[in-house]
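>>> my questions are about this predicted structure, shown below with the sequence.
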Amino acid sequence: MKTNNNKAFTLIEVVLTVAILSMLMFIVYSLFSMSSKPHAIVTREYVLQSNVRLASQKLTSLIKKSTAIFAYKDVEPIFAQDIFPESGGSNELILIDETFVNNSPKKTELIAAMDKYKGWSFIALGSGGRELREFVYHKNPATGKGYYTLQRILEKQSIGTSDIVYEIEYKKKNPYTEDNLLEYSLTGKLSGGASGSEPINIKSEVEALSTLQVVDKGDYTKRATALFYRTEERPMGVDAEAAVAMVLDISGSMGDDMGGNSGGSNNPNAPNASRISILRQKAGDLVDKMSSLENINVSLIPFSNSSNLPNVWKNYKYNGVTKDPKAWKNAKNDNGELNDLIGKLVSTNGTNVGDGIRRAYYRFNGYGKQDANKYMILLMDGVPTFGSVHKASRDRPGFSNYVGDIRIHNGENYYYDGRFWFLGYTYYYLRYYNIEFVTSDIEISESEYSYDGSRRPDGRYAGRGNASDDYISKDYITEMAKKLGDIKNSKGEKNLKVYVIGFSNVSEERAELDFIKGELAKYTKEVTAYEVTDAEGLETVFTGINQIILDDLWHITGPKE
């Protein structure tokens, strides 16, 4: 008997075989499909990356070499419109001169826009973000007329049916001590959100090596999208000038450390560094910062019992040549001399703040240019203890009851000055009256006034010596602050900014900073007060003040908004 071993496929086996074959066919199809799709995506991304990187290289190079940079929220609309002919290539320049303007259908608008940005080159997006345009300003030496050349950094370009669209933002994101860093973000993408293509973005922070500052006109509501720049050596007008009076306390307490301990170290980097050593170092650094421009002039005015020329500056010579320490010095050209003068300062005697203000007033009054920006930096480490007088009287009425440092009697202040035994305790107080302050530009006598009521034409310093008082040391500040009100520009506007620095870590020594700020604010353009408790804080304040000065100078010739 013969056995039949032939077997047929069961239904389940047929179903499984068909399912497996279907899966294999799907995988093969998918692989073929996927191999063609990435090719298109990669092509688009490559073009986007190439364009964005090209523009980024241009921006980075331009920022590094510019001597002035202003980032604005927008550019005049005429420069973003399609009124300019298509270029034959990215290197072709389009001349936007008088002939071009006269033939333009938007002549009036173009003339106004070009006049607004006269002297400034700029980069801005155009044609709805489809171009990145650079307008370079030129001046015809023969006619003196300005004109622009236009070059497309990025031209209009399409991939398939989609246009490439660009977005750009500039942002000044600097640490407080630096002002030449600019961050920009450049994005390229396809219009309509082409399937499978992600936007390409480059974000970079660039140090503008040749510029003094970067000005960002954008804010949180709208970031800056247009970059204005200049590349000439000195991009500001000849009238942009600053006069800076540095009124510096060199009283005896400046020899203490920041905590008020006597015998501070002469090494500014020591833990117990004296205030005067820190001042010498940081004031020298400030002068170095200001030397970045040729048009900042500095007057050094140290004060203690008076603002007379300090002994260490008398018969002063620099490099063997006799010099006048009281003369205005150019921060750049006279940098070595200014640092040498600062380095010679030593601490001594009392604190006559009003006399430092008096001297500053006359230095400003004798400055050559009325419209120069004027600044006074007043640094003091303690309370004002003296004022300068031609005459004054003082008496010591006694009272039977001690009520504190100051006693008001018949509407007048009396300052405690000791106690004596006579039939019990009797307390004596000081009263000043019959006072005539020194307000003219003289060197006062280096001796204390005797309070006998007689007039000394050459002046004397007067006051309590170890504390302030309402009659002499504080009233003298008020009297001299009034004089500062005469410092005005040719338009009759107040023209003096004041920075008052309380340089101490002892609260009692900073107590009257608000009084001084308040009196100066009544008569000057602007007053800012700082409480500085260490070397790092003084450097930060000085750096900030220097930046304010630079901002004021550069804003004179910034592009119109």
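Received it, and whenever you're ready, just let me know what you need. Numbers count the residues shown, from 1 in each chain.
>>> give me every residue that touches the residue nearest to D534 when sequence neighbours are not counted.
Among residues not flanking D534 along the chain, M258 sits closest, at 5.8 Å (CB to CB, 6 or more residues apart in numbering). For every residue, glycine as well, the C-beta is placed using N, CA and C. Residues near M258 by CB atoms under 8 Å, 6 or more residues apart in numbering: 264, 273, 275, 278, 504-505, 533-534.
>>> among the residues you listed, show me the least confident.
pLDDT across the contacts of M258 is at its lowest for N505, which sits at 78.
>>> that residue: how many residues sit nearby?
19 (other CB atoms under 10 Å).
>>> my guess is it contacts G537. True?
No - contact between N505 and G537 fails when scored by CB atoms under 8 Å: they sit 9.6 Å apart.
>>> bridging residues for Y530?
I501 (DSSP bridges).
>>> shouldn't it be in contact with V541?
Yes - when contacts are counted by CB under 8 Å, Y530 is listed as touching V541 (4.9 Å).
>>> between the two, what contacts are shared?
499, 501.
>>> please enumerate the strands of the stretch 251-400 of the chain.
Ranges of strands in the stretch 251-400 of the chain, per DSSP state E, counting those that start in this stretch, are 296-303, 317-318, 321-322, 329-330, 373-380, 387-395, 398-399.
>>> can you lay out those strands as JSON lines showing mean neighbour count, distance to D475 and mean pLDDT?
Below are those laid out as JSON lines (neighbours: other CB atoms under 10 Å; distance: least, CB to CB, whole Å; pLDDT from 0 to 100):
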{"stretch": "strand 296-303", "mean neighbour count": "25", "distance to D475": "17", "mean pLDDT": "97"}
{"stretch": "strand 317-318", "mean neighbour count": "12", "distance to D475": "38", "mean pLDDT": "96"}
{"stretch": "strand 321-322", "mean neighbour count": "8", "distance to D475": "38", "mean pLDDT": "96"}
{"stretch": "strand 329-330", "mean neighbour count": "19", "distance to D475": "32", "mean pLDDT": "96"}
{"stretch": "strand 373-380", "mean neighbour count": "25", "distance to D475": "17", "mean pLDDT": "96"}
{"stretch": "strand 387-395", "mean neighbour count": "22", "distance to D475": "7", "mean pLDDT": "95"}
{"stretch": "strand 398-399", "mean neighbour count": "13", "distance to D475": "23", "mean pLDDT": "73"}
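>>> can I get the ones you listed in a markdown table including distance to Y449?
Shown next, in a markdown table, are the strands of the stretch 251-400 of the chain (distance: least, CB to CB, whole Å):
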| stretch | distance to Y449 |
| --- | --- |
| strand 296-303 | 17 |
| strand 317-318 | 33 |
| strand 321-322 | 33 |
| strand 329-330 | 33 |
| strand 373-380 | 22 |
| strand 387-395 | 6 |
| strand 398-399 | 23 |
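>>> among those, which is nearest G336?
strand 317-318 (7.3 Å; CB to CB).
>>> A19 in helix, strand or coil?
Applying DSSP: H, G, I helix; E, B strand; the rest coil to A19 yields a three-state assignment of helix.
>>> give me the pLDDT for it.
71.
>>> what are the ranges of the helices in the protein?
Counting by DSSP state H, residue ranges of the helices within the chain are 11-65, 98-103, 107-116, 275-290, 335-343, 353-365, 473-484, 513-521, 535-555.
>>> tell me the most buried of those helices?
Highest mean neighbour count of those: helix 353-365, a mean of 25 (counted as mean count of other CB atoms under 10 Å).
>>> which outside residues touch that one?
Contacts for helix 353-365 (CB under 8 Å, 6+ apart): 243, 245, 247-249, 299, 301-303, 306-307, 326, 328, 374, 376, 378, 380, 384, 386-388, 437-439, 441, 444, 461, 473, 476-477, 479-481, 483-484, 486-487, 496, 516, 520.
>>> next, the angle from that helix to helix 473-484.
10 degrees (axes from the mean of the first three to the mean of the last three CA atoms, to 10 degrees).
>>> export helix 353-365 to CSV, keeping only CA atoms.
What follows is helix 353-365, C-alpha atoms only, in CSV (Å, rounded to 0.1, in the frame of the first residue of the first chain):
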residue,chain,number,x,y,z
VAL,A,353,33.4,120.2,50.1
GLY,A,354,32.1,123.7,49.3
ASP,A,355,35.6,124.9,48.4
GLY,A,356,36.0,122.0,45.9
ILE,A,357,32.7,123.1,44.3
ARG,A,358,33.9,126.7,44.2
ARG,A,359,37.0,125.7,42.4
ALA,A,360,35.1,123.6,39.9
TYR,A,361,32.8,126.5,39.1
TYR,A,362,35.6,128.8,38.1
ARG,A,363,37.3,126.1,36.1
PHE,A,364,34.1,125.6,34.1
ASN,A,365,33.6,129.4,33.9
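>>> averaged pLDDT, that helix. What do you get?
97.
>>> any idea which of the helices of the chain gets closest to G453?
helix 473-484 (17.2 Å).
>>> quick one: distance of that closest one to the chain centre.
Taking CA atoms, centre = their mean, to the nearest Å, the mean C-alpha location of helix 473-484 is offset from the chain mean by 29 Å.
>>> export the contacts of M258 as a markdown table, with columns for distance to G368.
Converted to a markdown table, the contacts of M258 look like this (distance: CB to CB, whole Å):
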| residue | distance to G368 |
| --- | --- |
| G264 | 39 |
| A273 | 38 |
| R275 | 34 |
| I278 | 33 |
| S504 | 36 |
| N505 | 40 |
| T533 | 38 |
| D534 | 38 |
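>>> related to what we said a few turns ago, show me the one of the helices of the chain that comes nearest S450.
It's helix 473-484; of these, that one is closest to S450 (CB to CB) at 17.2 Å.
>>> give the rounded mean pLDDT of that closest one.
For helix 473-484, the per-residue pLDDT averages 96.
>>> just the contacts of M258 now: which is nearest T231?
Of the contacts of M258, the one sitting nearest to T231 (CB to CB) turns out to be I278, at 38.8 Å.
>>> could you check how far the nearest residue to A273 once chain neighbours are set aside is from D534?
Ranked by CB to CB, 6+ apart and with sequence neighbours excluded, the top spatial neighbour of A273 is S265, at 5.1 Å. Counting by CB to CB, to the nearest Å, the gap from S265 to D534 is 14 Å.
>>> likewise for F437?
Distance, F437 to D534, by CB to CB: 35 Å.
>>> the two: which has the busier surroundings?
F437 (22 against 13).
>>> quickly list what that one is bridged to.
With DSSP bridges as the rule, F437 is bridged to V389.
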